[in-house]
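**Q** Let me see the structure of the following:
(chains A and B, ligands or ions: 2)
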Amino acid sequence: MSEIKKIKNLKEFSTSADRFEGANLLCPGCAHSIIVREILNATHDPLILGSATGCLEVCTAVYPYTSWDNSWIHIGFENASTAVAGAEAMYKARKRKGKLPASCEGKTPKFVAFGGDGATYDIGFQWISGCFERGHDMMYVCLDNEVYANTGGQRSSSTPIGASTVTTPAGRVSYGEKMMKKDIVGIMAAHGAPYVAQVAPNKWKDMVKKIQKGFQTEGPVFINAMSACTTEWKFAPDDTIAISDLATDSLVFPLYEIENGTKLTITYRPKNKVPVRDYLGAQGRFKHLFKPQYEYLIDEWQKMVDERWEYLQRREEASV
Amino acid sequence: MAEKMELNEVEVWDGNMAASQALRQAQIDVVAAYPITPSTPVVQNYGSFLANGYIDGEFVMVESEHAAMSGCVGAAAAGGRVATATSSQGFALMAEVLYQASGMRLPIVLVVVNRALAAPLNVNGDHSDMYMGRDSGWIQLDAFNAQEAYDLTLMAFKIGEDPEIRLPVMSHQDGFITSHTAENVRPLSDDEAYEFIGEYPMVNAMLDLAKPVTYGVQTEEDWHFEHKARQHHDLMTKVFGKVDEVFDAFEKKTGRKYNIVEKYDMDDAEVAIVALGTTVDTAKYVADNLRKTKGIKAGVVAPRLFRPWPHEQMMEALSGVKAVACLDRSSPNGAFGMLFNEVSATMYQSDNHPVITNYIYGLGGRDFTVEHAEEIYSELVANAEAGKPTTPLQQFIGLRGPKLSFY
Ligand SMILES: Cc1ncc(C[n+]2csc(CCOP(=O)(O)OP(=O)(O)O)c2C)c(N)n1
Ligand code: SF4
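**A** Numbering: from 1, shown residues only, chains lettered A, B, ... in the order given. Ligands and ions are numbered 1, 2, ... in the order given. Just a heads-up that it's a prediction; the model follows:
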C-alpha cells in the first residue's frame, strides 16, 4: 500500500502537483479541469490515465501539445475504461514476469479513466460494466456535466428533467428534457464494486478523502463527479464554485459513498439547506421553468430531491 | 514462469490450434478476447493453456470484440506483447478500434479467421472481413493452410514489433476450411519459437514512469494529413523489406520458404489464377493437372501480403502472362471484386498487360471445386488466344439459379 499524501490547506493542495497543466483549451470556469486537478493532486502515486472522447480529451491533447504530465491515452468515446483496464492488465502481467521497466522500481502506479456523462451513462456503459465485473484495479471518474458538451449540448441520460438542451429544447409546448437522470451511482454500486462515491469540486476535502480512499481500495472504484459546465448550464465562468455550492447545499447533488455495494454513508450534510429553486434559478438551462406554465415543475423538483435525500438517509441508517 | 509444452516434430492441428500455439509460444503479456465462430477455439485453447500453466500473461475475457481490441490497445500502449483473435461480426465490431491501434503504431497481432458478414447470418468462410480491414492501417498476412497459419502468426510478431515498423498485423486464415481441418503441422519448439520472435522491444511504454507519453492525440487539418501520409503510408512501404527479412530468417530456421507474392508454375505460364486463402492450394492442384494432361501452361499467383499491397512483385509475377483470372470471395456490391481492382490497377501500369477477368465465388462457405478451377482455366485459355475477354468481365461461379454476369 502506498503512502497517503498529507494535505493541510487548500493553497497547498491546489499547488502541490503539476501533473495537469493549466495550459489547456477547456472553457474558462470549466469544472472538468478543477476536478481533474483535485484528483491528481490527492496522491503522490504515479498515474496511468485515460480519457474518453469529450471536452476533457479534445482540450488537453491537441498535437503537438499535451496537458498531461503522466502517461495518458485516448482511444474512443466509449472505451476509456477498457483502455485503462488493458494497461492495468499489462502492468499485472509484466510485474508477475519481472519485466517492468526499471522506472517502476519501488513505485506502484494507479490507473484512472475519465469520461463525461455521455461516455459513462450512455455509450460507454457496457465497457465500464465489463471492467467492473472483471474487477480491474482501477478508478473510473465520470465528469458529470449532465450533457454532451463537446458536441454542442445534446441531452444524455444524465440530463435532469426540465433542462433545455439542443436536442430537448424548451419551447412553446415543451419544458425540455422529459426523462429522469439515471442513478449511475446506484447502478455501479450494484456491480458490487468495493467503492463508489459521488463528489463535487467545491467540497475539496470530501473529494480528497474519497479519492485517497479510492486509491487505497483494491479493485474497481467509481467516482461520479459533478462538473458544472458554464457553457451548457449557462452561468458566468467565475460562478463555477458558487453553482457547485448551490448544488450540494440544495441536495440536488448529494455527497455520499457506497462500500462493497451496500454500505451507504452520507459524507456531507448542509447546515443551511438551500431551496432547489435557487439552484435552478441560477442557470440559463432552467430559465423557462420560471414561466407560469412550467412553475409546477420546480415544486416537483423539490419533492424529488427531498424524497431522494430521505431515501439516502434511510439507506445509511439501515446500512444496506 | 509458464511451463513449456513438449511438442512432437509433427502435430495434428487445425488452423485455430496452430494459431493459438503460436500465440502461446510468443508468451504474450495480455490477450483480451471475445469468442466468435469460427475463431472461438483460438480463445478456448488459450483458456486451457492458462488453466494448465502454459501461459503466465493476463487473459482478459471481455464483454465484446470492441472491448477486446480496446483492451489490447491500452495494454499495448502500456508496453508489452498483445494479441487476440476474431472473425466476421466481431471484426466489424472491432473496426473502430482497428484504426486507433494502427494510428498509435501499436504492434498488436490479430488472428482473423475469415468469415462472411451478415445479413444473412452465416458462420462460414469468405473474405468479407479480410477485405473490410484493408484500409485500417494494419499489415495483412494471408495463410493458405494450418502450417502457414502457425508460421505466419509467429512471423507477425517479428514483423509488427520491429522498432522501425511498429504496426499491428492481421494473420488471416480461411474459416472452417483451414480453422477446423486437422492437418500435419511442424511446430518449432517453445524455445526455438521464442528465440526467433525475440523479447518484446518496449517503445514509448506508458508504464515507463520516467518518461510519460501521450497516446491518441487530436490532430485536425494542420497535422492529420502528415500523420496519415508520412508516419503511416510511408512507413507501410518499409514493410516489404522487413517482411522479406523475416521470411528469410524463417527459411534459415525451418527450411520453409515464404514469398511476398507466391508464384506457382509461373516461369512459362500463359494463364494464371490470382487468389487468396485455401483456394490457392486448389488452384495449384488444378494447374498441375492441366499442365500434365492438357499441356496448358497454367500457373497460380497468390499474394501473401494483402496490405501493404505488393504492387511491384505482383507486376513482376504477371507481366509475362496472357490471361489472368482474379478470384474474389466477397460480395462485390455492384462493383468489381477487391482483388480484381488491385491487380487491374497494378497491371495497367505494365507494358504488356494481360487480359484480366473477375470471378466471384465461394460466398458464405460455398465450395470452390476442382471443376470450377478447370472451367476458369479453360476460359482463360480462350481469352489468351483471343487477346481479349471472351466471357463477361465479371462472373459468379457456383451460384444457383440464372447465371449472373456483368460487363
Ligand atoms: C462512437 C462515437 N459517437 C459519437 C461521437 C461524437 N461525440 C464526441 S464527444 C461526444 C459527447 C461527449 O459528451 P460527454 O461524454 O458528456 O463529455 P463532455 O464533452 O460533456 O465532457 C460525442 C457525442 C464519437 N466521438 N464517437
Ligand atoms: S463546454 Fe462545458 S464541459 Fe466543455 S470545456 Fe466548456 S465548460 Fe467545460
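
**Q** Now for the spatially most central residue of chain B: which residues touch it?
**A** Nearest to the mean C-alpha position of chain B, by C-alpha atoms, centre = their mean, lies B:D142 at 2.8 Å. Listed by C-beta atoms under 8 Å, 6 or more residues apart in numbering or on different chains, the contact set of B:D142 reads B:M130, B:L152, B:H172, B:Q173, B:L276, B:G277, B:A302, B:P303, B:R304, B:L305, B:F306. From N, CA and C alone the C-beta is placed, and that goes for glycine too.

**Q** when you check those residues against the strands, which ones overlap?
**A** B:H172, B:Q173, B:A302, B:P303, B:L305, B:F306 (DSSP state E).

**Q** And the residues you listed, which is closest to chain A?
**A** Minimum distance to chain A across those is 23.6 Å, recorded for B:H172 (C-beta to the nearest C-beta).

**Q** Residue numbers of the stretch 251-400 of chain B in contact with ligand 2?
**A** Contacts of the stretch 251-400 of chain B with ligand 2, taken as C-beta under 6 Å from any ligand atom, are absent.

**Q** Nearest to ligand 2: which residue in the stretch 251-400 of chain B?
**A** B:R307 (37.9 Å; C-beta to the nearest ligand atom).

**Q** Give me the number of neighbouring residues for that residue.
**A** Per other C-beta atoms under 10 Å in any protein chain shown, the neighbour tally for B:R307 reads 21.

**Q** Can you tell me, leaving aside adjacent residues, what's nearest to the residue nearest to the centre of chain B?
**A** Ranked by C-beta to C-beta, 6 or more residues apart in numbering or on different chains and with sequence neighbours excluded, the top spatial neighbour of B:D142 is B:H172, at 4.6 Å.

**Q** among the ones in strands among the contacts of B:D142, who's most crowded?
**A** B:Q173 (35 neighbours).

**Q** you'd agree it is up against B:H180?
**A** No: contact between B:Q173 and B:H180 fails when scored by C-beta atoms under 8 Å: they sit 10.4 Å apart.

**Q** Report the set of residues contacting both of those two.
**A** B:G15.

**Q** What does the pLDDT read for the residue of the stretch 151-300 of chain A found nearest ligand 1?
**A** Closest contact between the stretch 151-300 of chain A and ligand 1, by C-beta to the nearest ligand atom, is at A:T151 (4.2 Å). Looking at A:T151, its pLDDT stands at 98.

**Q** How about the one 10 residues further on?
**A** With respect to pLDDT, A:I161 has a value of 98.

**Q** Looking at chain B, which residue is nearest ligand 2?
**A** For chain B, C-beta to the nearest ligand atom, closest residue to ligand 2: B:Q218, 13.9 Å.

**Q** wait, what's in contact with the nearest residue to B:P212 once chain neighbours are set aside?
**A** Nearest residue to B:P212, sequence neighbours excluded (C-beta to C-beta, 6+ apart): A:S71, at 4.6 Å. Neighbouring residues of A:S71 by C-beta under 8 Å, 6+ apart: A:L47, A:I48, A:L49, B:M206, B:L207, B:D208, B:L209, B:P212, B:V213, B:T214, B:Y215.

**Q** go with 7 Å
**A** A:I48, A:L49, B:M206, B:P212, B:V213 (C-beta atoms under 7 Å, 6 or more residues apart in numbering or on different chains).

**Q** Just list whatever residues bridge to it.
**A** A:I48 (DSSP bridges).

**Q** Please, which helix or strand holds the closest residue to ligand 1 within chain B?
**A** With C-beta to the nearest ligand atom, the shortest gap between chain B and ligand 1 falls at B:E96, namely 6.6 Å. Using DSSP states H and E, B:E96 maps to helix B:88-103.

**Q** helices and strands around that helix, which ones?
**A** Packing partners of helix B:88-103 (3 or more C-beta pairs under 7 Å, 6 or more residues apart in numbering or on different chains; DSSP states H and E): helix B:65-79, helix B:128-132.

**Q** what residues does chain A put near ligand 1?
**A** Near ligand 1, when you scan chain A using C-beta under 6 Å from any ligand atom, you find A:52-56, A:76-77, A:115-119, A:143, A:145, A:147-151, A:156.

**Q** got the contact list for the closest residue to the residue of chain B closest to ligand 2 other than its chain neighbours?
**A** Of all residues not flanking B:Q218 in the chain, A:V62 sits nearest, at 5.0 Å (C-beta to C-beta, 6+ apart). Shown in contact with A:V62 (C-beta under 7 Å, 6+ apart): A:L25, B:V217, B:Q218.

**Q** Quick one: buried ones out of those residues?
**A** B:V217, B:Q218 (16 or more other C-beta atoms under 10 Å in any protein chain shown).

**Q** related to what we said a few turns ago, can you verify my assumption that the residue nearest to B:D142 contacts B:F144?
**A** No: counting by C-beta atoms under 7 Å, B:H172 does not reach B:F144; the two are 9.8 Å apart.

**Q** just for chain B, where's the confidence low?
**A** Counting by pLDDT under 70, chain B has no low-confidence residues at all.

**Q** contact partners of stretch B:69-79?
**A** A:48, A:50, A:73, A:75, A:79, A:82-87, A:89-91, A:101, A:127, B:29-30, B:32, B:60, B:62, B:82, B:84, B:94, B:97-98, B:100-101, B:104, B:106-108, B:202, B:205-208, B:215.

**Q** How far does that stretch sit from its chain's centre?
**A** 22 Å (C-alpha atoms, centre = their mean, to the nearest Å).
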